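J.: I would like the atomic coordinates for the input below:
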Amino acid sequence: MLTAWDMVERLADYQGIAQGDEVDLRRARRSIVDAIAEWPRMHNWTYYSSVCRIVLVAPYATGTVAYNASTRELTLTGGTWPTWAAEGEVRIGEVRSRVASRSSGTVLVMASAATFVADISSGTSYELYPDGYQLPAGFRSAGSLTRESPWEALTYLTPDAFQVCKRRDWGTDDSMVYTVMAGRTPSTYRIYVHPPASQAETLDFSYLRVPVAPSVWESSVGRVSMTNGSPTVIGTGTAFHSGMVGARFRVSATASIPTGYDGTFPPLSEHEVASVSSATSLTLATNATESSNSVGYRISSPIDIDEGTMLSAFTAWARMLLARDMKNKDTQATESQAVAALNLARAADSRSMAPKASLRYIEPAYDRSSRFGPDIP
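T.: Numbers count the residues shown, from 1 in each chain. Alright, predicted model coming up:
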């Protein structure tokens with residue numbers, strides 16, 4: 001599997017960068033990071049398609065509440081705030097307020113913005129529902145969101161249109177529209193639905209993720225020993241750490257540090273790092289296929305691409321970015337080569353030889369009749 005270290009070597013060979021030239025090697029690493037960031041925008045790559053299921057939560061309205069505007073505390077009587085309340089919204093009459101935190105089973109602290117402006121007396125009815133639903137890490141864009149019943153796709157609205165819709169219609173019923181906005185923590189996204197779900201149900205959809213950037217460029221300090229049939233690696237003078245989980249572990253047949261498969265000392269075997277116990281002990285995802293004593297190794301994160309489709313194009317794109325950074329005279333030719341390779345990769349990104357067809361959903365007659373007029377035979 002192509003690793004970050006392999007890609008740095010490819011760029012170093014292309015540019016004639018010596019291994020000790022840290023400035024230019026840093027440029028090479030930066031070009032790889034930039035290429036990974038730009039890569040999803042070049043094409044909706046099949047390789048980055050995934051599926052997700054979100055479980056919609058029914059509103060909570062047990063008991064009654066009182067609100068203290070000076071402390072922004074909403075106190076519940078006759079119930080217990082659910083654990084998800086910390087990421088919820090509370091509606092009282094026509095006014096809603098976002099929850100900032102869950103202090104206890106009976107007290108919520110409301111957000112300072114767009115909250116209730118005055119005290120609310122005890123015995124007031126309310127409704128609590130999720131503010132939104134967290135999307136998977138690395139989320140980029142979603143396909144059609146499909147409900148359980150009736151089987152139909154929700155309608156996407158821009159964030160602005162969604163807020164208008166939400167402001168004008170407070171019913172808690174079947175979720176019919178949605179939007180995607182930033183989450184409560186940096187670099188995350190949430191899906192927001194309206195009206196809130198009236199009961200627990202699921203939303204299924206496909207989505208495109210972004211490729212994962214390397215966390216380990218290269219680590220080969222010390223020596224390792226392994227036993228045939230065991231996943232345990234014991235290091236001497238090594239510096240293993242938790243960031244290496246998921247990286248590729250290559251072991252040499254000798255004390256030499258393994259090169260790539262096209263180098264002078266190709267690896268004897270390669271494995272994925274499953275866990276790290278200490279600076280001198282880690283566990284592989286698969287058992288060792290040979291015993292080794294005090295041999296060289298190299299750990300590096302994989303490049304998150306489909307090598308069969310993207311390898312040449314991704315390499316060319318990274319070379320183009322490096323050529324721009326180093327202000328090469330042949331940058332224009334390098335750009336032309338990158339675009340040509342990209343077009344070939346796009347054309348190759350097909351996973352079926354069957355005729356292509358789109359799915360046209362026909363709503364049940366009873367639902368179509370109620371929402372769009374009489375049913376048409």
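J.: partner strands of the helix or strand where V180 lies, parallel or antiparallel?
T.: Per DSSP states H and E: V180 is located in strand 177-182. Next to strand 177-182 in the sheet, as set by DSSP bridges, lie strand 155-156 (parallel), strand 189-194 (antiparallel).
J.: so what does the helix or strand following the longest one touch, helix or strand wise?
T.: For strand 189-194, the following helix or strand on the C-terminal side (DSSP H and E) is strand 201-209. Under the contact criterion of 3 or more CB pairs under 8 Å, 6 or more residues apart in numbering; DSSP states H and E, strand 201-209 touches strand 49-56, strand 139-142. No exception for glycine: its C-beta is placed from N, CA and C like everyone else's.
J.: include distance to T83 when you put the ones you listed into JSON lines, please.
T.: JSON lines is the format used below for the helices and strands packed on strand 201-209 (distance: least, CB to CB, whole Å):
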{"stretch": "strand 49-56", "distance to T83": "14"}
{"stretch": "strand 139-142", "distance to T83": "23"}
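J.: tell me where the stretch 1-150 of the chain has strands.
T.: 49-56, 64-68, 73-77, 88-92, 95-102, 107-110, 120-124, 127-130, 133-134, 139-142 (DSSP state E, counting those that start in this stretch).
J.: give me whichever of those is most buried.
T.: strand 127-130 (a mean of 22; mean count of other CB atoms under 10 Å).
J.: shaky segments in the stretch 151-300 of the chain?
T.: 169-175 (pLDDT under 70).
J.: where do the strands sit along it?
T.: Under DSSP E, counting those that start in this stretch, the stretch 151-300 of the chain gives strands at 155-156, 177-182, 189-194, 201-209, 223-226, 232-236, 248-251, 269-278, 281-284, 292-295, 297-300.
J.: okay, these in CSV with mean neighbour count next?
T.: Listed next are these as CSV, based on neighbours: other CB atoms under 10 Å:
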stretch, mean neighbour count
strand 155-156, 13
strand 177-182, 18
strand 189-194, 22
strand 201-209, 17
strand 223-226, 22
strand 232-236, 17
strand 248-251, 24
strand 269-278, 16
strand 281-284, 19
strand 292-295, 16
strand 297-300, 25
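J.: redo these as TSV? Include distance to V339.
T.: As requested, the strands of the stretch 151-300 of the chain are exported to TSV (distance: least, CB to CB, whole Å):
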stretch	distance to V339
strand 155-156	32
strand 177-182	30
strand 189-194	30
strand 201-209	22
strand 223-226	43
strand 232-236	43
strand 248-251	30
strand 269-278	33
strand 281-284	40
strand 292-295	43
strand 297-300	28
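J.: for A4, which of these is the nearest?
T.: strand 297-300 (5.0 Å; CB to CB).
J.: what does the closest one rub up against?
T.: 3-6, 214, 216-220, 223-224, 233, 240, 244, 247-252, 257-258, 267, 273 (CB atoms under 8 Å, 6 or more residues apart in numbering).
J.: okay, it in CSV with CA atoms only?
T.: Provided in CSV are the C-alpha atoms of strand 297-300 (Å, rounded to 0.1, in the frame of the first residue of the first chain):
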residue,chain,number,x,y,z
TYR,A,297,11.3,-1.3,10.3
ARG,A,298,9.4,1.7,9.0
ILE,A,299,6.0,3.1,10.0
SER,A,300,4.1,5.5,7.8
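J.: now the element after that strand, going C-ward?
T.: helix 307-325.
J.: quick check: mean pLDDT across that next one?
T.: The average of the pLDDT scores along helix 307-325 is 96.
J.: so after it, what's the next helix or strand?
T.: Past helix 307-325, the next helix or strand by DSSP H and E is helix 331-348.
J.: could you dump the strands of the stretch 1-150 of the chain into CSV and include mean pLDDT and distance to A348?
T.: Below are the strands of the stretch 1-150 of the chain laid out as CSV (pLDDT from 0 to 100; distance: least, CB to CB, whole Å):
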stretch, mean pLDDT, distance to A348
strand 49-56, 93, 16
strand 64-68, 98, 59
strand 73-77, 97, 56
strand 88-92, 94, 46
strand 95-102, 93, 46
strand 107-110, 97, 53
strand 120-124, 96, 61
strand 127-130, 94, 41
strand 133-134, 94, 34
strand 139-142, 93, 21
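J.: just so I know, which of those strands lies nearest V295?
T.: Using CB to CB, the strands of the stretch 1-150 of the chain put strand 49-56 closest to V295, at 37.3 Å.
J.: partners of that closest one, with directions?
T.: Checking strand 49-56 against DSSP bridges gives partners strand 201-209 (antiparallel).
J.: what does the strand it pairs with contact?
T.: Under CB under 8 Å, 6+ apart, the answer for strand 201-209 is 40, 44-45, 48-56, 135-136, 138-149, 154, 175, 191, 193.
J.: switch the cut-off to 7 Å
T.: Contacts to strand 201-209, defined as CB atoms under 7 Å, 6 or more residues apart in numbering, come from residues 40, 44, 48-56, 136, 138-148.
J.: just the CA atoms of that strand, as PDB, please.
T.: Extracted C-alpha coordinates of strand 201-209, given in PDB (Å, rounded to 0.1, in the frame of the first residue of the first chain):
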ATOM      1  CA  GLU A 201     -37.100   6.600  13.300                       C
ATOM      2  CA  THR A 202     -34.100   6.400  11.000                       C
ATOM      3  CA  LEU A 203     -32.700   8.400   8.100                       C
ATOM      4  CA  ASP A 204     -30.500   6.600   5.700                       C
ATOM      5  CA  PHE A 205     -28.300   8.300   3.100                       C
ATOM      6  CA  SER A 206     -25.100   8.000   1.200                       C
ATOM      7  CA  TYR A 207     -22.400  10.700   1.600                       C
ATOM      8  CA  LEU A 208     -19.000  11.600   0.300                       C
ATOM      9  CA  ARG A 209     -16.200  11.900   2.800                       C
END
